[in-house]
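J.: the following comprises the amino acid sequence and a computationally predicted model.
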2 protein chains.
Amino acid sequence: MTIELFFATNNKGKVKEAEYILNKYGVVLKPIAINKIEIQSNSLREIAVYAVKSIYKIIGKPVVVEDSGLFIDALNGFPGPYSSYVYKTIGLKGILKLLDGVIDRKAKFIAVVALAFNDNVYVFEGSIEGYISLEIRGDKGFGFDPIFIPVGSNKTFGEMDIEEKSMYSHRGKAFKELATWVLNNKDKLFNTE
Amino acid sequence: MTIELFFATNNKGKVKEAEYILNKYGVVLKPIAINKIEIQSNSLREIAVYAVKSIYKIIGKPVVVEDSGLFIDALNGFPGPYSSYVYKTIGLKGILKLLDGVIDRKAKFIAVVALAFNDNVYVFEGSIEGYISLEIRGDKGFGFDPIFIPVGSNKTFGEMDIEEKSMYSHRGKAFKELATWVLNNKDKLFNTE
């Protein structure tokens, strides 16, 4: 039996990475482009839970959202939950400029996956520590990938293929958690509908 | 007859500036600290309307919210609707660093006031063009006031008293619009409850 879950996102990079993980577990994602409500909050968890609830209310089927962010120590966690907006406005160069001359380049990527069904919400989190590179390197991945070097590697995410990135990535970890949970709870997930 | 409106905000600076305007019109604001839902959007209008509707649903009385932002041309509108978060993380110095060596320092402050009552929402907008100063000047006002110089002045908002700031300010303009509307529609506003 194939397990199918809706995935509410407009980001093709996220779909690719999520599918790369979930396919190994026999879980199939069906992307839906739906206008999800993202609230302003310092907590990715709060944002993801609110969004997935609002979508579940509309579609009434098991659905997943993912929210992620880059949290830079020397910038008090900026850009955090607003990473996508910051990427589109000041971009990679803006972040490098803000860190110009800054020695502490520690940063963390966090991903939160929220699954809603039958009025329940389950949350899975993944994170990876690393640091911000001195220059833009690579053109793979998306968003801030070309300036983030995970601990344990000397490549940026932008220099990694999806296989290699998934070994380290916050998103990979969160979706592995989701997959494991889904496989252990498939009866619950599909009998209660 | 005194007209009273709830004002949902946790920002004392906003309360002070709004009261300064509204008192001249005989409109009294009653601040309430309520956890308002702010969505992520590039449109202040969308954020304010969503927030005021959600609060009206809870309190059921005429209520006002205000959302504002600083939009910097050379940064593609950054920090825009996320001005408060950006102020708390990278701050005034972060903005000045991003604009280091940038000749085009044009910026705009925009404020949107949304009033909800009886399932209607009315929106009032004010804006002021200006530019980002080369250094931090003054300690009045709040947020990005000490680095914003409105067209027509050579002071930053941080160097102005509330009287002077209100003559120029986006917030002053939006609340004047609200006050005028309220005075012209007080029967509608208080008889339909």
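T.: Looks like it arrived, so ask away.
J.: not counting sequence-adjacent ones, nearest residue to A:K88?
T.: Using CB to CB, 6 or more residues apart in numbering or on different chains and skipping residues adjacent in sequence, the residue nearest A:K88 is B:N76, 7.1 Å away. Every C-beta, even on glycine, is put in place using the N, C-alpha and C of the backbone.
J.: what's the spacing between that neighbour and A:Y87?
T.: As judged by CB to CB, to the nearest Å, B:N76 and A:Y87 stand 11 Å apart.
J.: out of those two, which sits in the busier spot?
T.: For the pair B:N76 and A:Y87, the greater number of neighbours falls to A:Y87 (17 against 14), based on other CB atoms under 10 Å in any protein chain shown.
J.: what about the strands in chain A?
T.: Taking DSSP state E as the test, the strands found in chain A are A:3-8, A:27-32, A:63-72, A:79-80, A:106-117, A:120-132, A:148-150.
J.: just to revisit the earlier point, for the residue nearest to A:K88, list the residues it contacts.
T.: A:K88, A:T89, A:I90 (CB atoms under 8 Å, 6 or more residues apart in numbering or on different chains).
J.: any of those buried? List them.
T.: Among the contacts of B:N76, those classed as buried by 16 or more other CB atoms under 10 Å in any protein chain shown are A:T89, A:I90.
J.: among the contacts of B:N76, which one sits closest to A:D161?
T.: Sorting the contacts of B:N76 by how near they are to A:D161, with CB to CB, puts A:K88 at the top with 25.0 Å.
J.: indicate which one of the strands of chain A is closest to A:K140.
T.: strand A:148-150 (11.9 Å).
J.: please state the offset of stretch A:57-65 from the chain centre?
T.: 18 Å (CA atoms, centre = their mean, to the nearest Å).
J.: for it, what is the average pLDDT?
T.: The predicted model assigns stretch A:57-65 a mean pLDDT of 93.
J.: and that stretch, anywhere near chain B?
T.: No. Using CB under 8 Å from any CB of the partner chain, stretch A:57-65 stays clear of chain B, coming no nearer than 13.0 Å.
J.: name the residues of chain A found near chain B, please.
T.: A:37-40, A:42, A:47, A:75-80, A:82, A:85-86, A:88-90, A:94, A:97-98, A:100.
J.: if any of the residues you listed are buried, put those into a ChimeraX selection.
T.: Entered in ChimeraX, the line below selects the buried ones among those, by 16+ other CB under 10 Å:
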select /A:37,38,39,40,47,75,77,78,79,80,82,85,86,89,90,94,97,98
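J.: just the residues of chain A next to chain B: which are in helices?
T.: A:I47, A:Y85, A:V86, A:K88, A:T89, A:G94, A:K97, A:L98 (DSSP state H).
J.: closest one of these to chain B?
T.: A:T89 (3.7 Å; CB to the nearest CB).
J.: which residues touch that closest one?
T.: With contact taken as CB under 8 Å, 6+ apart, A:T89 is in contact with B:L75, B:N76, B:G77, B:F78, B:P79, B:G80.
J.: determine which two of these are furthest apart.
T.: B:N76 and B:P79 (10.5 Å).
J.: that older thread, could I get the ones in helices among the residues of chain A next to chain B in CSV, plus columns for pLDDT?
T.: Listed next are those as CSV, based on pLDDT from 0 to 100:
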residue, pLDDT
A:I47, 95
A:Y85, 96
A:V86, 98
A:K88, 96
A:T89, 98
A:G94, 98
A:K97, 98
A:L98, 98
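J.: how close does the residue lying closest to A:A107 once chain neighbours are set aside sit to A:P150?
T.: Distances taken as CB to CB, 6+ apart place A:I72 nearest to A:A107, at 4.5 Å, with adjacent residues excluded. For A:I72, the distance to A:P150 equals 14 Å [CB to CB].
J.: A:L29 too?
T.: For A:L29, the distance to A:P150 - CB to CB - is 24 Å.
J.: okay, the two: which has more neighbours?
T.: A direct count of neighbours by other CB under 10 Å for A:L29 and A:P150 places A:P150 higher, at 23 against 20.
J.: roughly how far does the nearest residue in space to A:Y82 that is not next to it in sequence sit from B:T89?
T.: Excluding the flanking residues, the one nearest A:Y82 by CB to CB, 6+ apart is B:Y82, at 5.1 Å. Distance of B:Y82 to B:T89, given as CB to CB: 10 Å.
J.: what of A:S41?
T.: For A:S41 relative to B:T89 (CB to CB), the value is 14 Å.
J.: ok, now A:G138?
T.: 26 Å.
J.: and A:N42, what is it in contact with?
T.: A:G77, A:G80, A:P81, B:Y85.
J.: what about 10 Å?
T.: A:G69, A:F71, A:G77, A:G80, A:P81, A:Y82, B:Y85, B:K88, B:T89 (CB atoms under 10 Å, 6 or more residues apart in numbering or on different chains).
J.: just flag the most distant two among the residues you listed.
T.: Pairwise distances across these (CB to CB) peak at 15.1 Å, for the pair A:G69 and B:K88.
J.: can you pull out the low-pLDDT segments for chain A?
T.: Applying pLDDT under 70 to chain A flags residues A:1, A:190-193.
J.: just confirm A:T156 contacts A:G138, I think it does.
T.: Yes. Using CB atoms under 10 Å, A:T156 is in contact with A:G138, at 5.2 Å.
J.: neighbour-wise, which of the two wins?
T.: Legend: neighbour count by other CB under 10 Å for A:T156 and A:G138, higher for A:T156 (24 against 15).
J.: so what's the more buried one up against?
T.: Contacts of A:T156 (CB under 10 Å, 6+ apart): A:130, A:132-133, A:135-138, A:140-141, A:144-150, A:165.
J.: which of those residues count as buried?
T.: A:130, A:132-133, A:136-137, A:140-141, A:144-150, A:165.
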